[in-house]
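sequence unknown, structure follows:
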């Protein structure tokens, strides 16, 4: 069994009367990439800030590498934080920013500079040693922030929405780089995000949170293929939620079939009739929205087809169509807590 | 040939000038004209009875050759530097406390009000209210004598350079607190947290992060303090008891002796000194960042 890098036990955070994080338990294994995913206000950032030590814990414990750190100073926990807007020191240049923690420890100038430059080389920013943060682009600031966070030699790197300030193109590139750094450094990354794509792309472990509670925790594939409840299925996207005799089930949109001009006889109970209300061309695939009843939001279903199978029997908005799915693709959901 | 853009109506072309007119007129009447008059009069001649329009350099040669004038200017600069140092240190401490230790916005407002409300009373009243504290039979002296720390009242407390500096600090610390607080409240919370993460102690954060990021705040505060202290004559008159002089006080004396041209020459010199001090300050610090 792999060892645990971070363990949260009954971790709770209260702000006055409201509870931001409700007694969550979580284990994060050694040298893994863990994504905390959830809508804004779900408590994911608060959880991260409690692990970092920037938010006081109301109840519960935080263990880092089996060591109790709940009440320890941020710098003594073996964690380092990369902030959402990077939090670079605006009055210091790149080298001084990265060397800041060494300077605070009283490391000599030559040694400080040598180690800072090593980290700056790691993030490929050696051409910008003497630039101030405001003279750098968002992506460059992020690299500096990463180098600075690594300067304390943390065993856990905490990233608070690190990609949200970047444009979509850069976001995908930095995403790849973060994953590469995590693999090469062999340390645990805990990454807070509200983007499903990001969490699925990066996470060895994806933790979906809502209202201060963990709704599901598992590998990216587990979470996507077998969402444990309706909230997770809806939030992760790409799923249809269908009420059947056995209960509420989810079926991946790309596992649905579209039947232009009536349902085949073998479809049985795993089928619906409706009208095409929207068609979206997405290049490699086509997204067809079918509605059983235009007044009901829950009666909308999405079928994703590859362009080949769609154009073999195309449908137009307004057409009456049937949709169906097979029993094997059906996944039973646990009832969502209120 | 390019087609000519149609000429815009007269009103539209005048509009921008009309928009800047109020400020331009205000500055013209209350800054430019008085300044031109002071410079002009500084070249005029005078005798015991009247001021004579003329162009003479006498006022300047006499001023620059006078040891008293130089000594007074030196003393004025010394007052300014002392006040700057003390108000900067005090202002930083107060602003730091309000910005980083006071948690609730209500308490912050209350503390700011406590700093500001005294300003609703007259400067002179607030100055004079120090007298019962500092005098020979004042509160401080009698207390110190009662508890037996001293046998003789301390004379330096009132009508002295100490008293003048004390009142300057009392009056002008707020001018430092406000811009410094403004600079501190602009510091991103995550910058402070990053420093904590890096293992910096509270003292290290203050000196290595907060202090350098307050540069513009110090510069703006210094502009206020330099301007008011260099031009002051009331405080020197009331708290100095006639033992100390500053250039402003000197100008006041010259005016009461009807030596307007000499007073003007002094005013020009004071203006040059203040302008170069502030000019030098602003060359080093870009205060536009804080506006």
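Done, it's in. Note that the coordinates shown come from a computational prediction; the quantities given were computed from them, not determined experimentally.

Just the element for residue A:20, please.
strand A:18-29 (DSSP states H and E).

which residues of the stretch 151-291 of chain B fall in helices?
Under the criterion DSSP state H, counting those that start in this stretch, the stretch 151-291 of chain B contains helices at B:161-185, B:189-197, B:202-205, B:211-213, B:215-231, B:234-240, B:247-256, B:260-284.

Helix or strand with the lowest mean pLDDT in chain B?
strand B:51-52 (a mean of 84; mean pLDDT, DSSP states H and E).

on that earlier part again, so for the strand holding residue A:20, what gets flagged as buried?
When neighbours are counted by 16 or more other CB atoms under 10 Å in any protein chain shown, the buried residues of strand A:18-29 are found to be A:19-24, A:26, A:28-29. C-betas here are computed from N, CA, C, even on glycine.

Return the residues in contact with residue 164.
In the absence of a named chain, chain A is used. Going by CB atoms under 8 Å, 6 or more residues apart in numbering or on different chains, residue A:164 touches A:84, A:193-195.

you looked at the wrong chain, it should be chain B
By CB under 8 Å, 6+ apart, residue B:164 lies in contact with B:79, B:235-236, B:239-240, B:244.

Residue B:54 now?
Counted by CB under 8 Å, 6+ apart, residue B:54 has contacts B:43-45.

thinking again about what came up before, okay, the helices of the stretch 151-291 of chain B in a markdown table with mean pLDDT next?
Shown next, in a markdown table, are the helices of the stretch 151-291 of chain B (pLDDT from 0 to 100):
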| stretch | mean pLDDT |
| --- | --- |
| helix B:161-185 | 92 |
| helix B:189-197 | 93 |
| helix B:202-205 | 93 |
| helix B:211-213 | 93 |
| helix B:215-231 | 93 |
| helix B:234-240 | 88 |
| helix B:247-256 | 91 |
| helix B:260-284 | 92 |
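
between those helices, which one is nearest to residue A:287?
Nearest to residue A:287 among those is helix B:189-197; the distance by CB to CB comes to 38.4 Å.

Contacts for the closest one next, please.
Counting by CB under 8 Å, 6+ apart, residues outside helix B:189-197 touching it are A:52, A:54, A:73-75, A:79-81, A:83-90, A:100-101, A:104, A:148-149, A:152, B:100, B:204-205, B:208-210, B:213.

Show me just the buried residues among those.
Applying 16+ other CB under 10 Å to the contacts of helix B:189-197 flags A:52, A:54, A:74-75, A:79-81, A:83-90, A:100-101, A:104, A:148-149, A:152, B:100, B:204-205, B:208-210, B:213 as buried.

from those, which ones fall inside helices?
Among the buried ones among the contacts of helix B:189-197, the ones falling in helices (DSSP state H) are A:52, A:100-101, A:104, A:148-149, B:204-205, B:213.

for chain A, what's the longest helix?
Every helix in chain A considered (DSSP H), the longest is helix A:168-185.

Could you tell me the average pLDDT over that one, please?
For helix A:168-185, the mean pLDDT works out to 91.

and after it, which helix or strand comes next?
Next element after helix A:168-185 (DSSP H and E): strand A:188-193.

what does the stretch 101-250 of chain B put close to chain A?
B:188, B:190-191, B:193-201, B:204, B:208-209, B:212-213, B:215 (CB under 8 Å from any CB of the partner chain).

what do you get if the cut-off is 7 Å, keeping everything else the same?
Residues of the stretch 101-250 of chain B found near chain A (CB under 7 Å from any CB of the partner chain) are B:188, B:190-191, B:193-194, B:196-200, B:204, B:209, B:212-213.

follow-up on the earlier one: show residues contacting the least confident helix or strand of chain B.
B:44-46, B:260-261 (CB atoms under 7 Å, 6 or more residues apart in numbering or on different chains).

Same check on stretch B:254-266?
Counting by CB under 7 Å, 6+ apart, B:38, B:41-42, B:44-46, B:51, B:59-60, B:63, B:247, B:250-251 sit against stretch B:254-266.

Can you pick out the most distant pair from these?
Largest pairwise distance in those, by CB to CB, is 22.1 Å, between B:45 and B:247.

The two: which has the busier surroundings?
The residue with more neighbours, out of residue B:45 and residue B:247, is residue B:247; 25 against 14, by other CB atoms under 10 Å in any protein chain shown.

wait, doesn't the more buried one sit right on residue B:271?
No: between residue B:247 and residue B:271 there is no contact under CB atoms under 7 Å: 10.4 Å.

Adding distance to residue A:33, secondary structure and pLDDT, write the contacts of residue B:54 out as JSON lines.
Output for the contacts of residue B:54, formatted as JSON lines (distance: CB to CB, whole Å; DSSP: H, G, I helix; E, B strand; the rest coil; pLDDT from 0 to 100):
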{"residue": "B:43", "distance to residue A:33": "79", "secondary structure": "coil", "pLDDT": "92"}
{"residue": "B:44", "distance to residue A:33": "82", "secondary structure": "coil", "pLDDT": "91"}
{"residue": "B:45", "distance to residue A:33": "86", "secondary structure": "strand", "pLDDT": "89"}
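
List, out of the residues you listed, those positioned next to chain A.
Of the contacts of residue B:54, not one also sits near chain A (CB under 7 Å from any CB).
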